[in-house]
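Asker: Curious how this folds, go ahead:
(one chain, ligands or ions: 1)
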Amino acid sequence: MIRLETNLPAFFNELCEVIRLFLGAVEIRPEGDGDVIVHEHSEENGLWIERFAASGREIRHTAPAVRGGLEEKRQLKRAAKTGCFLLMRELTGVSPPWGSLTGIRPTRLMYELRERGVEGEAARRAMEETFYVSPDKARLLSDILEMQKGLVDTPENEYDLYIGIPFCTTRCAYCSFASGELGKGALVEPYLAALKREMALDAALMDELGLAVRAAYMGGGTPTALTARQLDGLLREANRLFPGAREWTVEAGRPDTIDRDKLQVLLDNGVERISVNPQTFSDETLRIIGRAHTAQQTVEAYELARQMGFHHINMDLIAALPGENEADFLRSLARTVELAPESVTVHTLAIKRSSRLHEQGYLQADAGAAARMVDGARRALAAAGYAPYYLYRQKYMAGNLENVGYARPGYACLYNIDNMEETTRILAEGAGAITKWLFPRERRIERAPNLRNIEQYIQRVQEMAARKRTLILSQEA
Ligand code: SF4
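Answerer: Got it, this is the predicted structure:
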């Protein structure tokens, strides 16, 4: 246990996040027994001074004081976090790859720098000097911005559509999503009926506002856990209500849920991008993580989709899975490259509190090994012609690393970029789906999360659509 004393209690949680970058999921409280970290904020001659002390060491970090509303709060938080980071680095001798960054998308900071005219080498240096990001990760960010050129500037009258199917055939051991196992499937039909009601109400609102759909994405869960008939009904309704998507993705994540009929339904309804996710090509690991399929089934599903004419297939892999070492992971990566999907997403295992791995007390892989896996993936994918195009980080990831989407030229997924960079409104349908409404003039995002519980979602769908309507009309009208 750690006791953290700070005279900026409003930032207690953010300081805890920095400490956990170094110490993992340690318990931190403002009082009680345990090792003590003391933070004292003060101001002198226009400078903020952040003093951090623990175990006989002391750090003093200064930053120019900023005045005025939100920017003052933002900069003060940044100064306090940086001081805390410097103390922890000194105490542990560890330099996390993403430096002091927690809870913010690193690409967002690069875009902010660009708006101030700081680009290329200067932007990378700013990330290294201000946030202690490693040169390698700063380079990764530059490469991503390069890939996003021309894709992030969304016309003002467009939005993306997300449809969530919260059902899976079994639950993966690392899953933290609002996904119910299918069981006897009793909830599926009522769920689809509620979903279509929500979609109809939202489509009417989009028409009223004269907004057009840009990219559509069906995720979950596993959309292909539905039957071919259910999938067809849903996609037809989506296309009728939200016509004209420039990109249509359906996550066909579990290879054991894919068959010829379902793939034909996707093609008939204009879906041109699907995700067939190996996660690993080791059958033993697949068993441990609770995926009810084999590596061979992944290959067969992929080849069937290819034969039937899908021209954009994505594959997801996870680094640092239980029991896997660097060589195991790189073997899966090599097998993926051999299959030649148009895009590959490399996740780093995150052990969320609501996952089975967490309940089972599984310990995260060694940070160095995880880092070698994702670095190896980046090198191998670059050699095979893939470039990174989006990135995000989550809590509890092995080695505090990242998830990165790679694509061959021309195959970056618009929806993934829009969702991560928050440059487009996201209209989200279904249990647990989160509408993120961008108000471009104020550069502000408001979220409207739907209920995660499937039964409650079904009962209260009208209420959620009404809440979304109120939020959206509060500014758009
Ligand atoms: S496929 Fe995805 S949503 Fe379904 S159980 Fe696995 S991690 Fe969760």
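
Asker: OK, contacts around Leu145?
Answerer: Under the criterion of C-beta atoms under 8 Å, 6 or more residues apart in numbering, the contact list for Leu145 reads 107, 110-111, 114. C-beta: built from backbone N, CA, C; applies to glycine.

Asker: any idea of the mean pLDDT for stretch 120-131?
Answerer: In this model, stretch 120-131 carries a mean pLDDT of 95.

Asker: do stretch 157-175 as well
Answerer: Here the average pLDDT along stretch 157-175 is 92.

Asker: Pretty sure Thr345 sits in a helix.
Answerer: No. Counting by DSSP: H, G, I helix; E, B strand; the rest coil, Thr345 falls outside a helix, being strand.

Asker: Give the burial count for Ile472, as a bare number.
Answerer: Other residues lying near Ile472 total 24 when counted by other C-beta atoms under 10 Å.

Asker: was I right about it contacting Ala204?
Answerer: No. Applying C-beta atoms under 8 Å as the test, Ile472 and Ala204 come out as separate, 11.9 Å apart.

Asker: Could you name every residue contacting both of these two?
Answerer: By C-beta under 8 Å, 6+ apart, no residue touches both Ile472 and Ala204.

Asker: picking up where we left off before, make a PyMOL selection of the buried ones in the contacts of Leu145.
Answerer: Listed next is the PyMOL selection for buried residues among those, using 16 or more other C-beta atoms under 10 Å:
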select buried, resi 107+110+111
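
Asker: now the contacts of Leu145 as JSON lines including secondary structure and pLDDT?
Answerer: Shown next, in JSON lines, are these (DSSP: H, G, I helix; E, B strand; the rest coil; pLDDT from 0 to 100):
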{"residue": "Thr107", "secondary structure": "helix", "pLDDT": "95"}
{"residue": "Met110", "secondary structure": "helix", "pLDDT": "95"}
{"residue": "Tyr111", "secondary structure": "helix", "pLDDT": "93"}
{"residue": "Arg114", "secondary structure": "helix", "pLDDT": "93"}
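
Asker: now whichever helix or strand Val337 is part of: mean pLDDT?
Answerer: Counting by DSSP states H and E, the element that carries Val337 is helix 326-339. With pLDDT averaged residue by residue, helix 326-339 scores 97.

Asker: Remind me what it packs against, helices and strands.
Answerer: In terms of contacts (3 or more C-beta pairs under 8 Å, 6 or more residues apart in numbering; DSSP states H and E), helix 326-339 is packed against helix 295-308, strand 312-319, strand 343-348, helix 367-383.

Asker: Recalculate using a threshold of 10 Å.
Answerer: Identification of packing neighbours for helix 326-339 by 3 or more C-beta pairs under 10 Å, 6 or more residues apart in numbering; DSSP states H and E yields helix 283-288, helix 295-308, strand 312-319, strand 343-348, helix 367-383.

Asker: residues of that helix that come out buried?
Answerer: 326, 328-330, 332-333, 335-337, 339.

Asker: now do stretch 433-451
Answerer: Neighbour counts over stretch 433-451 (16+ other C-beta under 10 Å) mark 433, 435-438, 448, 450-451 as buried.

Asker: so which of those comes closest to the ligand?
Answerer: Ala433 (12.9 Å; C-beta to the nearest ligand atom).

Asker: My read is that the closest one contacts Ala448, right?
Answerer: Yes. With contact defined as C-beta atoms under 10 Å, Ala433 and Ala448 form a contacting pair (9.4 Å).

Asker: okay, and the common contacts of these two?
Answerer: 427, 464 (C-beta atoms under 10 Å, 6 or more residues apart in numbering).

Asker: returning to what we had before: quick check: angle from the helix holding Val337 to strand 312-319?
Answerer: Calculated by axes from the mean of the first three to the mean of the last three C-alpha atoms, to 10 degrees, helix 326-339 forms an angle of 180 degrees with strand 312-319.

Asker: Helices along the stretch 101-250 of the chain, start to end?
Answerer: With helices called from DSSP state H, counting those that start in this stretch, the stretch 101-250 of the chain shows them at 106-115, 120-131, 135-148, 188-209, 228-241.

Asker: Quick one, which of these gets closest to Met315.
Answerer: helix 135-148 (18.0 Å; C-beta to C-beta).

Asker: Present the helices and strands packed on helix 326-339 as a markdown table; the columns should include distance to Glu156.
Answerer: What follows is the helices and strands packed on helix 326-339, written out as a markdown table (distance: least, C-beta to C-beta, whole Å):
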| stretch | distance to Glu156 |
| --- | --- |
| helix 283-288 | 45 |
| helix 295-308 | 35 |
| strand 312-319 | 27 |
| strand 343-348 | 28 |
| helix 367-383 | 34 |
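
Asker: how about the CA coordinates for the helix holding Val337, as PDB?
Answerer: Extracted in PDB, the C-alpha atoms of helix 326-339 (Å, rounded to 0.1, in the frame of the first residue of the first chain):
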ATOM      1  CA  GLU A 326       8.500 -13.700 -27.800                       C
ATOM      2  CA  ALA A 327       9.200 -16.500 -30.200                       C
ATOM      3  CA  ASP A 328       5.600 -17.800 -29.900                       C
ATOM      4  CA  PHE A 329       4.200 -14.400 -30.600                       C
ATOM      5  CA  LEU A 330       6.500 -13.700 -33.600                       C
ATOM      6  CA  ARG A 331       5.500 -17.100 -35.000                       C
ATOM      7  CA  SER A 332       1.900 -16.000 -35.000                       C
ATOM      8  CA  LEU A 333       2.800 -12.800 -36.600                       C
ATOM      9  CA  ALA A 334       4.800 -14.500 -39.300                       C
ATOM     10  CA  ARG A 335       1.800 -16.800 -40.100                       C
ATOM     11  CA  THR A 336      -0.400 -13.700 -40.300                       C
ATOM     12  CA  VAL A 337       2.000 -12.000 -42.700                       C
ATOM     13  CA  GLU A 338       2.000 -15.200 -44.800                       C
ATOM     14  CA  LEU A 339      -1.800 -15.000 -45.100                       C
END
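
Asker: what are the phi and psi angles of the residue positioned nearest the centre of the chain?
Answerer: In the chain, the residue lying closest to the centroid (C-alpha atoms, centre = their mean) is Tyr392, at 5.0 Å. The phi/psi pair for Tyr392 (degrees, to the nearest 10) reads phi -150, psi 160.

Asker: list the contacts for it?
Answerer: Contacts of Tyr392 by C-beta under 10 Å, 6+ apart are 105-107, 347, 402-405, 416, 419-421.

Asker: if I look at it, how far off is Leu151?
Answerer: Applying C-beta to C-beta, to the nearest Å, the value for Tyr392 to Leu151 is 16 Å.

Asker: Which positions within stretch 346-355 qualify as buried?
Answerer: 346-351, 355.

Asker: can these go into TSV with extra columns for pLDDT and distance to the ligand?
Answerer: As requested, the buried residues of stretch 346-355 are arranged in TSV below (pLDDT from 0 to 100; distance: C-beta to the nearest ligand atom, whole Å):
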residue	pLDDT	distance to the ligand
Val346	98	16
His347	97	10
Thr348	95	14
Leu349	94	11
Ala350	90	11
Ile351	87	13
Ser355	87	9
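
Asker: from these, which is closest to Ala25?
Answerer: Ile351 (8.7 Å).

Asker: Might one say that that closest one is in contact with Ile289?
Answerer: No. When contacts are counted by C-beta under 10 Å, Ile351 is not listed as touching Ile289 (11.6 Å).

Asker: Which residues are in contact with each of these two?
Answerer: 173-174, 322, 357.

Asker: Closest one of the residues you listed to the ligand?
Answerer: Closest to the ligand out of those is Tyr174 (6.5 Å), distances taken as C-beta to the nearest ligand atom.

Asker: Many thanks, I have nothing further to ask.
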